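A.B. asks: here is my input, please return the structure:
(chains A and B)
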2 protein chains.
Amino acid sequence: MLSHPRLSVCSGGVERTGRSSALSANTCFSSNPQERDLRCILFSIAMAHDGMDNGKVKVLNPHLASLQEDVLYHLGMSNTTHDLPEMFGDVKFVCVGGSMGRMKAFAEFLRGELGLPRDEESQRNLCEGTDRYAMYKVGPVLSINHGMGVPSMSILLHELFKLLYHAGSRNVLIIRIGTSGGIGLEPGTVVVSHAAVNYKFEALFEQPILGRLVSRPTQMDETLAQELLECSKQFAEDFPTILGDTLCTNDFYEGQGRLDGAICKYTAAEKLNYLKHAYAAGVRNIEMESSVFAAMSNECGLRAAVVCTTLLNRLEGDQISSSHAVLSDYQLRPQRIIAYYIKCKLRKTQCLKV
Amino acid sequence: MLSHPRLSVCSGGVERTGRSSALSANTCFSSNPQERDLRCILFSIAMAHDGMDNGKVKVLNPHLASLQEDVLYHLGMSNTTHDLPEMFGDVKFVCVGGSMGRMKAFAEFLRGELGLPRDEESQRNLCEGTDRYAMYKVGPVLSINHGMGVPSMSILLHELFKLLYHAGSRNVLIIRIGTSGGIGLEPGTVVVSHAAVNYKFEALFEQPILGRLVSRPTQMDETLAQELLECSKQFAEDFPTILGDTLCTNDFYEGQGRLDGAICKYTAAEKLNYLKHAYAAGVRNIEMESSVFAAMSNECGLRAAVVCTTLLNRLEGDQISSSHAVLSDYQLRPQRIIAYYIKCKLRKTQCLKV
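C.D. replies: You can find the predicted model right below:
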């Protein structure tokens, strides 16, 4: 595994004290005006946050202190082979989504939206020692794929939160941008999740630990959800965005009541009945990662949001058969909202009314 | 999505009747002696199987018959855009494993072991329209990655079984070759699974369907497991192989009792106690996909096996910190057994005593 040079535009301004890092006043010195502007804004945000609280990403594991080396196996890094504070100390936003290709494209899209220069480093996969995940860094933003399903998301979050902890990152927001099936919505509608719910429509994530089931809450951060809804108004003429509960399942076919899997032992009427019950309970879309994402972010004190586009209306069908061009447009919608939100936060414009 | 030409060495010998296909006598004509040999053997096997029973891969879904098109969304194929009988009608073995890179490497390794020519087609990713999965075809063998965790495996199997059904494939064996944590075993020991068990050590897979939990059995095919154990004796001087139960979890850290995740609220003693209970119940390794793999293969009538190497002994630690070279050697071990098994089956040598 290789040690990576620092990739962020804010690289000049990181002061390290042991394993913590913070942006400092010399952050603002740079020959590139865009870069300097972004650095100064980041410095202000960091200072404002630090004034309120420490804001450091938490781990809830006393055993970590006794590890001589912490190997983040599925990320292909460790805290001794990589200078994590140098590489990630300035991270303020983490965006995650299922597909490697989509998260690489998002990093590139965001780079353009933030007006940052296109360089080799921003296009480099930081998980180059493994093919389990791919990670890109654009200024203070990480863009990472999480694969499909709760277990794949869970592995990523354990190692990502440890990475941010070792890096001393502070006041980090984490946002999942993904695809989903909608319920009772026009395809292409974007859903900002209010909570991730299980198959009984409860806002809980159940996890077996040492032979016992442990339940954790899966409410999303309300303020962040409202801010994102506010941002989505910029795109109201192009597509609708709503707030709703998100059903998180462990299977795409039987688990979501589809009629088109290799196994299906229920009728179309039974399927529709379940989906209508879901709708009545407040569910507006279905995907496969939000429950553990909410539960773990809540535990570790990261503000979290899930913003998913809907590829179809499940009350009308199961197959995703729209054209490539239509699906590409749908998939871009959450990215546009999130890029706009990050831009607003970084530029401290007054576009956020909430 | 593109239509793929047939890639198999057996391409000359497929007769199509509607959507079913079978190897025929002209299978045996080829200018390449190795290819001819392999074709003739495949023809004999197919005939022998067909004499006993139909052997066709089943789907358990009456709704599929009413679909005009079946889009295998995560494989980037459909039964109208791709000639599935032509592409996959001759498949006899499907090997699945977590990582894209490893399954590409396995396809290449197998090609060498089977003495097949190295051509562009055998190195081509058949899921080229998506980055969710990667699939390679080497003669009558598919090598596909399934990602990490039960949900990712489940999506693959639904679409793979439908693919094989549409292709009219017969007498297909499916084998997962993977990595795992061992319990009470020397690292590098290979475990052939007797059954996949849940966190209570029951051989069951629980799946929520339309609001209710449905349980399915997760015993592996006993004859196949014994055949693979027999094959493993070829490598007894290099590494040990044993039969044991496999604990399938939905999480790599807390779900497997690790002390090195971002969250850990139990003691080292509590962890050890759980792992020792697992050992006493017959569990010899822990991974994250075998339960749904066994349950779905059983449902659809495919004989299935799980063969995993162990990367560490979980009674002694949690971190995977062996060198890259050591881990690479460990990961190759199940591949060597499976390649030998497939070679034996295809060449009808007398190396299998069971």
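
A.B. asks: what's the neighbour count on the closest residue to A:Lys271 other than its chain neighbours?
C.D. replies: Distance criterion C-beta to C-beta, 6 or more residues apart in numbering or on different chains; nearest residue to A:Lys271, sequence neighbours excluded, is A:Gly257 at 4.3 Å. C-beta: built from backbone N, CA, C; applies to glycine. The number of residues packed near A:Gly257 is 26, by other C-beta atoms under 10 Å in any protein chain shown.

A.B. asks: one more: A:Leu204?
C.D. replies: Under the neighbour criterion other C-beta under 10 Å, A:Leu204 is assigned a count of 18.

A.B. asks: next one, pLDDT for A:Gly55 please.
C.D. replies: pLDDT for A:Gly55: 88.

A.B. asks: pretty sure it contacts A:Asn171?
C.D. replies: Yes - with contact defined as C-beta atoms under 8 Å, A:Gly55 reaches A:Asn171; the gap is 3.9 Å.

A.B. asks: those two: which is more packed in?
C.D. replies: Taking neighbours as other C-beta under 10 Å, A:Gly55 and A:Asn171 compare with A:Asn171 leading, 20 against 16.

A.B. asks: what's the separation between the more buried one and A:Glu316?
C.D. replies: If you measure A:Asn171 against A:Glu316 using C-beta to C-beta, to the nearest Å, the figure is 42 Å.

A.B. asks: get me the contact residues on the stretch 101-250 of chain A for chain B.
C.D. replies: A:101, A:131-132, A:147-152, A:154-155, A:157-159, A:161-162, A:165, A:198-200, A:207-211, A:214, A:249-250 (C-beta under 8 Å from any C-beta of the partner chain).

A.B. asks: continuing past the helix or strand containing A:Lys137, what's the next helix or strand?
C.D. replies: Per DSSP states H and E, A:Lys137 falls inside strand A:135-138. With elements assigned by DSSP H and E, the helix or strand that comes after strand A:135-138 is strand A:141-145.

A.B. asks: strands of chain A, start to end?
C.D. replies: Here chain A has its strands, by DSSP state E, at A:14-17, A:20-23, A:71-72, A:77-78, A:93-97, A:135-138, A:141-145, A:173-182, A:190-197, A:204-209, A:212-217, A:241-248, A:283-287, A:303-313.

A.B. asks: may I see those organised as TSV, with mean pLDDT added?
C.D. replies: Below are these laid out as TSV (pLDDT from 0 to 100):
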stretch	mean pLDDT
strand A:14-17	27
strand A:20-23	33
strand A:71-72	95
strand A:77-78	96
strand A:93-97	98
strand A:135-138	97
strand A:141-145	98
strand A:173-182	98
strand A:190-197	98
strand A:204-209	98
strand A:212-217	98
strand A:241-248	98
strand A:283-287	98
strand A:303-313	98
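
A.B. asks: could I get the ones you listed as CSV with distance to B:Gly188?
C.D. replies: Shown next, in CSV, are the strands of chain A (distance: least, C-beta to C-beta, whole Å):
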stretch, distance to B:Gly188
strand A:14-17, 39
strand A:20-23, 39
strand A:71-72, 18
strand A:77-78, 21
strand A:93-97, 33
strand A:135-138, 30
strand A:141-145, 30
strand A:173-182, 37
strand A:190-197, 39
strand A:204-209, 28
strand A:212-217, 32
strand A:241-248, 37
strand A:283-287, 38
strand A:303-313, 39
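
A.B. asks: what's the closest of the ones you listed to A:Cys127?
C.D. replies: Nearest of the strands of chain A to A:Cys127, taken as C-beta to C-beta: strand A:135-138 at 4.8 Å.

A.B. asks: what strands line up against the closest one, and which way round?
C.D. replies: Strand A:135-138 pairs in its sheet with strand A:141-145 (antiparallel), by DSSP bridges.

A.B. asks: quick one, the partner strand and strand A:173-182 angle?
C.D. replies: Per axes from the mean of the first three to the mean of the last three C-alpha atoms, to 10 degrees, the angle that strand A:141-145 makes with strand A:173-182 is 40 degrees.

A.B. asks: check which residues of strand A:141-145 are buried.
C.D. replies: For strand A:141-145, the neighbour count (16 or more other C-beta atoms under 10 Å in any protein chain shown) marks A:Val141, A:Leu142, A:Ser143, A:Ile144, A:Asn145 as buried.

A.B. asks: the last one contacts A:Ala107, doesn't it?
C.D. replies: No - A:Asn145 is not in contact with A:Ala107 according to C-beta under 8 Å; the separation is 10.5 Å.

A.B. asks: nearest to chain B among the buried residues of strand A:141-145?
C.D. replies: A:Asn145 (8.7 Å; C-beta to the nearest C-beta).

A.B. asks: list the beta-bridge partners for that closest one.
C.D. replies: Counting by DSSP bridges, A:Asn145 forms beta bridges with A:Gly97.

A.B. asks: pull up the gap between it and A:Ala134, please.
C.D. replies: 5 Å.

A.B. asks: what do you get for A:Ala295?
C.D. replies: As judged by C-beta to C-beta, A:Ala295 and A:Ala134 stand 24 Å apart.

A.B. asks: among those two, which residue is more densely surrounded?
C.D. replies: Shown here are A:Ala295 and A:Ala134; by other C-beta under 10 Å, A:Ala295 has more neighbours (28 against 20).

A.B. asks: show me where pLDDT drops low in the stretch 201-350 of chain A?
C.D. replies: Residues of the stretch 201-350 of chain A meeting the criterion pLDDT under 70: A:348-350.

A.B. asks: any idea how far A:Glu120 lies from chain B?
C.D. replies: Going from A:Glu120 to chain B by C-beta to the nearest C-beta, to the nearest Å gives 22 Å.

A.B. asks: okay, now A:Leu84: neighbour count?
C.D. replies: With neighbours defined by other C-beta under 10 Å, the count for A:Leu84 comes to 25.

A.B. asks: pLDDT wise, what is it at?
C.D. replies: As predicted, A:Leu84 sits at a pLDDT of 98.

A.B. asks: is it true that it touches A:Leu163?
C.D. replies: Yes - if you go by C-beta under 8 Å, A:Leu84 and A:Leu163 touch, sitting 6.0 Å apart.

A.B. asks: now the common contact residues for the two.
C.D. replies: With contacts defined as C-beta atoms under 8 Å, 6 or more residues apart in numbering or on different chains, the residues adjacent to both A:Leu84 and A:Leu163 are A:Met77.

A.B. asks: tally of neighbours for the closest residue to A:Thr246 other than its chain neighbours?
C.D. replies: With sequence-adjacent residues excluded and distances taken as C-beta to C-beta, 6+ apart, A:Thr246 is closest to A:Ser193, at 4.2 Å. Residues contacting A:Ser193 under the criterion other C-beta under 10 Å number 29.

A.B. asks: A:Ser193 pairs with what?
C.D. replies: Beta-bridge partners for A:Ser193, by DSSP bridges, are A:Gly244.

A.B. asks: now do the contacts for it.
C.D. replies: By C-beta under 8 Å, 6+ apart, the contact set of A:Ser193 is A:220, A:225, A:243-246, A:285, A:290, A:294, A:305-308.

A.B. asks: in the top helix by length along chain A, which residues are buried?
C.D. replies: With DSSP state H setting the assignment, residue counts place helix A:324-347 as the longest helix in chain A. For helix A:324-347, a neighbour-count test (16+ other C-beta under 10 Å) marks A:327, A:330-346 as buried.
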